[in-house]
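Novice: fold the stuff below for me.
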Amino acid sequence: MYERGKMMTLKNIKIVYAEDESFIRANMVELLEFFSANVIAVENGNDAYEMYHKEKPDIVIADIQMSGMNGLELAEKIRKNDKKVQIIITTAYTNTEYLLKAVELNIVKYLLKPIPLVELEKVLNTCMENIVRLDNPRKYFNEKDYYDAKTKQLIVGDEEVYLDFHEKKFFELLIKTPGRIISYDELENTIWRNGMSTSAVRSLVFNLRNKLPEGVIKNVPKVGYKAVVKE
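Specialist: As a prediction, the model looks like this:
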């Protein structure tokens, strides 16, 4: 894994790449190695999952259609315990259902094959930026207010702000991956195991917004909520 304090270049990056077509796999490995990445290539999702546990990569790239376990199934298994590893899905065609699932799993990019070199470079740069950002436990909302994921402290106006149980669970869900939309279903499954009412959600969001700097929690109508932090 990338070690904090090192210059972030692809020489520090370890990638597990899964693709069942040997010709495509060989070409992609060549492209990734062109960027000096350390690539572990496998031919199916089961091997990719095994290599993910063994090698602890920074990035997982997987084709959406593979034997044993497809790319989205692989991503779903990884995401159960790992919210930080960067995941890229490759595919030969678009599918709305797959796209929606990719968003839910916080996939960095859904790349259409054949993948142009410039597109690959862009998504790898995005992954590196995310790795650096996620390595910092403090998520800043502005120049001075922040949430420290390590100490679980919310600091606003140089003072620690108290959050009750539901506020903390809700906010931590949002702040783990800033910018990702947390759906109402995900909220319900994570916070209210016995179901939630619309008024309960609104009350929670209202109270939490009063404790945070303006604009940190954004509502996405009919979908859910997301957190906005300073990049």
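
Novice: average pLDDT across the helix or strand that contains residue 103?
Specialist: In this assignment (DSSP states H and E), residue 103 forms part of helix 96-104. Computed over helix 96-104, the mean pLDDT rounds to 73.

Novice: how far does that helix sit from its chain's centre?
Specialist: 14 Å (C-alpha atoms, centre = their mean, to the nearest Å).

Novice: for the next helix or strand after that helix, packing partners?
Specialist: Note on helix 96-104: by DSSP H and E, the next helix or strand toward the C-terminus is strand 109-112. In terms of contacts (3 or more C-beta pairs under 8 Å, 6 or more residues apart in numbering; DSSP states H and E), strand 109-112 is packed against strand 86-91, helix 96-104, helix 117-135. Just so you know, the C-beta spots here come from the backbone N, C-alpha and C atoms, and that holds for glycine as well.

Novice: residue 59: neighbour count?
Specialist: 25 (other C-beta atoms under 10 Å).

Novice: surely it meets residue 13?
Specialist: Yes. Residue 59 is within contact range of residue 13, at 6.4 Å (criterion: C-beta atoms under 8 Å).

Novice: joint contacts of the two?
Specialist: Counting by C-beta atoms under 8 Å, 6 or more residues apart in numbering, the common neighbours of residue 59 and residue 13 are 124, 127.

Novice: now the strands for the protein?
Specialist: Assigned by DSSP state E, the strands in the chain fall at 14-18, 38-42, 59-63, 86-91, 109-112, 138-140, 146-148, 153-156, 159-161, 182-183, 217-220, 224-227.

Novice: turn those strands into a markdown table, including distance to residue 203.
Specialist: Listed next are the strands of the chain as a markdown table, based on distance: least, C-beta to C-beta, whole Å:
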| stretch | distance to residue 203 |
| --- | --- |
| strand 14-18 | 43 |
| strand 38-42 | 48 |
| strand 59-63 | 39 |
| strand 86-91 | 35 |
| strand 109-112 | 36 |
| strand 138-140 | 24 |
| strand 146-148 | 21 |
| strand 153-156 | 19 |
| strand 159-161 | 18 |
| strand 182-183 | 17 |
| strand 217-220 | 13 |
| strand 224-227 | 14 |
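
Novice: with respect to residue 72, which of the ones you listed lies nearest?
Specialist: Closest to residue 72 of the strands of the chain is strand 86-91 (C-beta to C-beta; 6.7 Å).

Novice: name the helices or strands packed onto the closest one?
Specialist: Against strand 86-91 (3+ C-beta pairs under 8 Å, 6+ apart) you get strand 59-63, helix 71-79, helix 96-104, strand 109-112, helix 117-135.

Novice: quick one, what contacts the residue nearest to the spatial centre of the chain?
Specialist: Residue closest to the average C-alpha location in the chain (C-alpha atoms, centre = their mean): residue 106, at 4.3 Å. Residues counted as contacts of residue 106 (C-beta under 8 Å, 6+ apart) are 79, 83, 87, 177, 180.

Novice: surely the first one and residue 105 touch.
Specialist: Yes. With contacts counted by C-beta under 8 Å, residue 79 reaches residue 105, the gap being 5.3 Å.

Novice: find residues that contact each of those two.
Specialist: Jointly contacting residue 79 and residue 105 under the rule C-beta under 8 Å, 6+ apart are residue 87.

Novice: count the residues that sit near residue 120.
Specialist: Neighbours around residue 120, by other C-beta under 10 Å: 20.
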